[in-house]
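Participant: What follows is a predicted structure for the sequence shown.
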Amino acid sequence: MRSDFIELTGRTELIPLYALGGWDSRYYPYTQTEALAKIDTYRSKNIPLDIFVVDTDWRVGASHGYGVNTELFPDMEQFISEAHNRHTRIVFNDHPEPQANALDPAEVEYRNTGLRSLFDIGLDFWWYDRNWHTAIRPPDGINKEVFGMYLYHWVTQDYYPDRRPLIMANVDGIDNGYLNGPPNLASHRYTMQWTGDTTQDWDSLAREIRNAVYPGVFAAFPYVSTDLGGHMGSLTVEQYCRWAQFGAFSPIFRLHCSRGQTRDPWAYDDPAEQVVRDFVQMRMRLLPVYYTAARQNYDTGEPILKRCDLNYPDYPAAASDYQYLLGNDILVAPVYSGDSDNQAVPAAWLTHNGSSGLSARYYAGMEFNGNPVLVRTDSTVNFDWGSGNPGNNLPNDLFSASWTGTITIGAEEEIKLGITVDDGARVWLNNSIVIDAWQDQAETTYWTDAVYTPGQILPIRIEYYEKTGQAVCKLIYQKASVEGTRKSLWIPPGPWVDVWSGQEIVGPTDYTCSVPLTQMPLFVKAGSIIPLAPDMQYTAQQTWDPIVLDVYPAQNGAASASLYEDDTVSNDYKQGLCRQTGFGLTTNSDQQKITLQIHPAQGDSWPQAPRNRAWSIRLHLSNAWPDTPQTVLVDGKPAAFTQITANPSAQPFSITGPSPDQDIILVIIPSGSVQSPHIITFNYNALSSADFDYDGDVDKQDLSLFCPAWLAIPGHPNYNSIFDLFSDSSNQINLCDFALLSHEYFPD
């Protein structure tokens with residue numbers, strides 16, 4: 001059905017690999033120096049970055065047109081070149097102010113020349129932002145979002161014919177985070193879709209999770225992009241971490257905000273920077289999973305984030321839009337509510353002149369001019385007037401208010417204070433301004449940087465204005481410290497492993513866990529193979545060599561996985577210049593054996609394709625297989641292995657060192673042809689001759705691995721003498737003699 005749909009309406013282009021890396025985006029007037037310095041900060045802090053977005057201020061007037069703002073970017077071509085030297089792609093936002101209807105010659109010339117003029121100096125791709133207020137005007141009956149996508153896609157493809165024509169544009173049907181209607185049937189063909197100007201609050205995060213999952217079922221959008229952290233509003237550390245964690249396990253990781261805000265990881269208190277670093281590095285290691293899913297989407301229309309009912313249609317709980325599968329084997333359930341949820345500041349905290357409440361003055365107009373229309377005492381500042389007004393003949397729009405008095409912190413622990421407003425607000429505490437959000441905006445929440453202690457007494461002043469639309473002003477607070485959040489989710493059928501703790505939960509079942517701020521709920525299906533890439537700071541830093549196979553064995557059964565590869569940027573994959581490597585996993589508790597197969601790479605290689613590759617196998621010990629194997633064979637030969645003790649502070653999906661969940665059995669396969677298959681066998685029983693790949697002779701290494709322990713320890717006084725007794729001049733032991741020495745290992 002899904003394949004039929006994309007055959008009829010068109011496929012979504014496979015995006016270049018670099019678009020799956022880290023993005024930095026901000027509506028902010030960067031200078032050339034500031035922008036490069038920020039890229040350098042990412043590199044110095046070891047936070048992966050592939051794409052840097054310069055929003056509308058790259059241009060003269062910061063609104064429309066294609067003239068470069070040379071006051072901010074004296075040499076734009078040099079800036080782009082220096083960014084490229086830092087292995088970072090550059091994107092510009094375009095508000096396409098129309099000159100005429102889209103097919104008018106004047107508009108065609110203006111748009112075509114303008115877009116190409118920035119490509120001429122090295123721009124990588126465009127963000128087509130219809131901006132709600134201005135948009136390209138297509139012919140009657142044609143959707144403006146889709147026509148704009150087509151136009152930018154076509155110009156990009158025509159200018160860069162050897163590149164995949166990447167663009168970012170507005171999701172048709174989702175406006176500022178709200179799903180308002182079905183999308184145009186053609187819109188899914190144009191790579192990345194952006195959900196608009198969202199807010200930073202928990203409800204917005206929940207909507208964005210749904211916006212990433214729901215279209216994969218009903219709209220065929222594989223690359224939905226959200227403003228991580230929200231376009232508007234001030235974030236708590238807890239909110240910031242939860243947005244970033246979801247972003248790391250969403251199709252596009254793009255931090256973004258409006259003027260007056262920042263989403264820089266280093267701008268937030270601990271553990272924000274470390275959370276971003278850990279989760280984006282984790283995402284980079286999981287690139288083989290993302291990229292293989294992206295190719296599957298191109299081939300079949302299957303979403304990258306799969307709502308669970310796509311794999312488990314018989315379970316009503318699987319239809320939740322707030323958890324999903326990455327591929328088939330990783331279950332993700334982002335946290336979208338807080339341990340420090342907002343509460344209105346209670347009346348008991350507020351006084352003025354020895355009386356309860358705050359002194360309030362309301363004015364007609366936004367500037368506090370003249371005498372107030374209304375003077376009263378407000379017990380709290382917790383108002384949502386909707387499209388109305390505070391009363392006493394004040395207008396519904398264009399009014400302002402101020403509150404003064406004293407706040408006594410009555411909480412039992414340290415807190416932060418905040419203000420939720422639509423439109424502007426300022427807050428003073430102890431005669432110092434602590435929140436300055438004096439701007440027209442949809443409902444947005446801002447927080448103090450400072451923490452306030454129980455019993456602290458502070459003079460407070462709040463100013464507010466309403467311009468048009470909704471009117472909201474709420475003084476709120478939340479706990480300053482966050483220990484963990486309770487999270488409920490649905491576990492699909494079968495055993496699933498918590499990648500942080502190693503706990504195995506058998507589904508189908510509802511499950512509730514406590515999630516520290518440095519973690520998010522992540523589970524791997526027992527019986528899975530997860531291919532991992534090397535640690536990288538940008539996607540082109542190195543080839544995927546070695547590939548790490550993270551293996552989570554089930555008690556019994558068979559599983560498979562695959563690895564897709566191409567040159568990551570060109571359209572040659574459409575001509576078959578790409579390859580797939582398959583993996584198989586078989587577990588048999590009766591035979592006490594785990595077998596992993598690496599199949600030969602299939603497909604035509606591109607010019608830069610690696611011809612050789614090393615492999616690293618990381619077998620997770622588990623409830624089903626808790627013990628160390630007695631022996632490991634690689635292609636029938638005894639192989640060395642190392643057991644690495646679990647460390648709860650380690651990160652999941654690591655490629656070196658410990659794992660947080662369980663001990664790891666590590667096996668290294670040296671570099672060899674990608675066409676060479678491998679069979680890795682973990683044996684928990686003594687071997688028989690049928691397990692052993694031999695040519696009639698056994699060397700001393702085999703003896704040391706397979707003989708009884710008292711005999712096989714190099715350095716044991718009997719070791720060399722017994723070996724010498726039975727060995728011939730070629731330093732080999734005849735298999736019959738070897739069987740006599742180690743009869744308990746060869747019972748047949």
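Facilitator: Looks like it came in fine.
Participant: Provide a list of residues in contact with the closest residue in space to Gly229 that isn't next to it in sequence.
Facilitator: Nearest non-adjacent residue to Gly229, counting by CB to CB, 6 or more residues apart in numbering: Arg263, 4.3 Å away. Every residue, glycine included, has its C-beta placed from N, CA and C. By CB atoms under 8 Å, 6 or more residues apart in numbering, the residues touching Arg263 are Arg26, Leu228, Gly229, Leu235, Tyr240, Leu255, His256, Cys257.
Participant: Which ones among the residues you listed map onto strands?
Facilitator: With DSSP state E as the criterion, strands contain Leu255 from among those.
Participant: Pretty sure Arg116 sits against Thr156.
Facilitator: No - Arg116 is beyond contact range of Thr156, at 9.6 Å (criterion: CB atoms under 8 Å).
Participant: So these two - more neighbours on which side?
Facilitator: Thr156 (24 against 15; other CB atoms under 10 Å).
Participant: what about the helix or strand harbouring the more buried one, distance to the chain center?
Facilitator: Assigning secondary structure by DSSP states H and E places Thr156 in helix 144-159. Here helix 144-159 is found 27 Å from its chain centre; the criterion is CA atoms, centre = their mean, to the nearest Å.
Participant: what residues are up against the residue lying closest to Leu20 once chain neighbours are set aside?
Facilitator: Nearest residue to Leu20 in three dimensions, chain neighbours excluded: Tyr290, at 5.1 Å (CB to CB, 6+ apart). By CB under 8 Å, 6+ apart, Tyr290 lies in contact with Leu20, Pro251, Arg283, Ile304, Leu326.
Participant: Could you list the low-pLDDT ranges of the stretch 601-748 of the chain?
Facilitator: For the stretch 601-748 of the chain, the stretches with pLDDT under 70 are 687-748.
Participant: Just the element for the residue nearest to Gly229, please.
Facilitator: Short version, using DSSP H and E: Arg263 is in no helix or strand.
Participant: From Leu255, how far out is it?
Facilitator: Distance from Arg263 to Leu255, counting by CB to CB, to the nearest Å: 4 Å.
Participant: Spatially, what comes nearest to Pro508 if we skip its sequence neighbours?
Facilitator: Distances taken as CB to CB, 6+ apart put Pro493 closest to Pro508, at 4.9 Å, once the chain neighbours are dropped.
Participant: where do the helices sit along this protein?
Facilitator: Applying DSSP state H to the chain gives helices spanning 2-9, 32-44, 76-85, 105-119, 144-159, 202-218, 237-248, 272-285, 287-300, 700-706, 709-712, 719-726, 735-741.
Participant: quick one: buried residues of the second one?
Facilitator: For helix 32-44, burial by neighbour count (16 or more other CB atoms under 10 Å) applies to Gln32, Ala35, Leu36, Lys38, Ile39, Tyr42.
Participant: contacting residues for the first one?
Facilitator: Right, the one you point to is Gln32. Taking CB under 8 Å, 6+ apart as the test, what Gln32 contacts is Leu72, Phe73, Pro74, Asp75, Met76, Gln78, Phe79.
Participant: now swap in the second one and tell me
Facilitator: When contacts are counted by CB under 8 Å, 6+ apart, Ala35 is found next to Phe52, Val54, Phe79, Ala83.
Participant: The buried residues of helix 32-44 into a markdown table, with extra columns for pLDDT and distance to Pro677?
Facilitator: Supplementary listing: those in a markdown table, determined by pLDDT from 0 to 100; distance: CB to CB, whole Å:
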| residue | pLDDT | distance to Pro677 |
| --- | --- | --- |
| Gln32 | 97 | 52 |
| Ala35 | 98 | 48 |
| Leu36 | 98 | 47 |
| Lys38 | 98 | 46 |
| Ile39 | 98 | 42 |
| Tyr42 | 98 | 40 |
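Participant: and which of those is nearest Ala135?
Facilitator: Comparing those against Ala135 with CB to CB places Ala35 closest, at 27.4 Å.
Participant: The lengthiest strand in the chain - contacts with which helices or strands?
Facilitator: Counting by DSSP E, the longest strand found in the chain is strand 485-498. Where contact means 3 or more CB pairs under 8 Å, 6 or more residues apart in numbering; DSSP states H and E, strand 485-498 is packed against strand 330-332, strand 504-515, strand 522-525.
Participant: Can you list the low-confidence ranges for the stretch 301-450 of the chain?
Facilitator: The model of the stretch 301-450 of the chain has pLDDT under 70 over residues 339-340.
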